[in-house]
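Participant: return a 3D structure for these sequence lines:
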Amino acid sequence: MVRLKDIAQIAGVSVMTVSKALRDAPDVSAETSAKLKSLARQMGYVPDSSAQGLRTKTTKLFGLVIPATTNPIYARMVYAIEERAHELGYDVLLAQTLNQPEREDACIRRLLSRRVDGLLITPVYRFEAEARIYQEIVARSVPTVLLGSPAPFCKNFVSVEIEELVASYNVTKHLLGLGHKRIAYLTGPTAAPWAHERFEGYRRAHREAGLEVDDKLVFQAGSTLEDGGKAALQILNEGCHPTAIQAVSDLVAIGCAEVLLQQGIKIPGDLSLAGFGNILAAEFYRVPLTTVSQPKFRLGVAAVETLMKIIHHEQVQLKRLPAELVERQSTAAPKS
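Facilitator: Have a look, this model is predicted:
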């Protein structure tokens, strides 16, 4: 392993001069600094980040906590977070909770033990008003940004999210504009604030159109392909005869579509279908899906920049980004 002492010996300068040059200290000339940096690169010198952390009281690490790396909604967001963090000189430690509160506790505690400079968390939503792990984060004064809507147990943290209600409202308005009056809705996880906001967007669009929401057209789904498939079977078994289905997410919508297509139901000929999220599969599904395009890359960048403001003790506030409706072949006017 190459040490500062080795570089100093070859360059004929003191160890202190090498150290200052590599840290861009102002009392070392630009010419000397450039020569020593070049020599260090040639010799394969790698700074000791642990030693630097002890000196600066920082680790240059961010902790990122998401539900699962297999969830396509997070792929672009994680990419953006890592990319922006890299530009700022930070590395990202990734953990997945699998939507389990106990695992979330363990993930966050492990990241705290690594003395991360900040946390980016998609919470595991729960009905309780308090969660001890979030109290621990506050007690440790660790800069933290939520990726998604805050809930009572994490209300003390700033969040970066999309305009869920408005985006969902626009989906319902699109379906109503096509002439659909019986729009089934597949809801998301009951504890998740974003799921409630999306459902409220659906309700609001109905109210503005002078229509009442038929409770028989509202089905509890969840967040997975399997959840969407089960909800589709329930719709078929209960014979409520919607002309369109609006799902809380693309995964739920695609799971629903698979069951409908297997039953010989044509999309959108017999039934229109819309999702939410604009994951890659939505565009390339066998019936390209009308959905909401979440600005996933911009969300990731905004989260890191908000976290940096907290680290630098700057004023921050809730950041909501708009999401756009993407019309594709899965929606059309109802059969006359």
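Participant: C-alpha only now, for contacts and for neighbours.
Facilitator: OK.
Participant: in this protein, where is pLDDT below threshold?
Facilitator: 48-57 (pLDDT under 70).
Participant: buried ones in the host helix or strand of Trp194?
Facilitator: When elements are defined using DSSP states H and E, Trp194 is found to belong to helix 193-208. Going by neighbour count (16 or more other CA atoms under 10 Å), the buried part of helix 193-208 is 193-206.
Participant: my guess is Val116 meets Leu61, correct?
Facilitator: Yes. Taking CA atoms under 8 Å as the contact criterion, Val116 and Leu61 are neighbours in contact, 4.9 Å apart.
Participant: re the thing from before, now for the helix holding Trp194, which elements pack on it?
Facilitator: Packing partners of helix 193-208 (3 or more CA pairs under 8 Å, 6 or more residues apart in numbering; DSSP states H and E): helix 164-177, strand 183-187.
Participant: let's see that with 7 Å instead.
Facilitator: helix 164-177 (3 or more CA pairs under 7 Å, 6 or more residues apart in numbering; DSSP states H and E).
Participant: could you pull out the buried residues of the helix it packs on?
Facilitator: Taking 16+ other CA under 10 Å as the basis for neighbour counts, the residues of helix 164-177 that come out buried are 164-176.
Participant: distance to Leu260 added to the residues you listed, as CSV?
Facilitator: As requested, the buried residues of helix 164-177 are arranged in CSV below (distance: CA to CA, whole Å):
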residue, distance to Leu260
Glu164, 27
Leu165, 27
Val166, 28
Ala167, 25
Ser168, 22
Tyr169, 24
Asn170, 24
Val171, 20
Thr172, 20
Lys173, 23
His174, 21
Leu175, 18
Leu176, 21
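Participant: outside of stretch 265-284, which residues touch it?
Facilitator: In this structure, residues lying in contact with stretch 265-284 by CA atoms under 7 Å, 6 or more residues apart in numbering are 72-73, 243-250, 253, 288-294, 330-332, 335.
Participant: should've said stretch 307-326
Facilitator: Taking CA under 7 Å, 6+ apart as the criterion, the residues outside stretch 307-326 that touch it are 118, 143-145, 158-163, 167, 170-171, 290-295, 306.
Participant: buried ones among these?
Facilitator: In the contacts of stretch 307-326, the ones that pass as buried (16+ other CA under 10 Å) are 118, 143-145, 158-163, 167, 170-171, 290-295, 306.
Participant: ok, back up a step: tell me which of the contacts of stretch 265-284 fall in strands.
Facilitator: Per DSSP state E, strands hold the following members of those: 244-247, 291-293.
Participant: domain parsing for this protein?
Facilitator: Per the record, the chain has its domains at 4-47, 56-163+296-323, 164-293, by automatic domain parsing.
Participant: and the ones you listed, which is most packed in?
Facilitator: Sort these by mean neighbour count, taking mean count of other CA atoms under 10 Å, and domain 164-293 sits at the top with a mean of 20.
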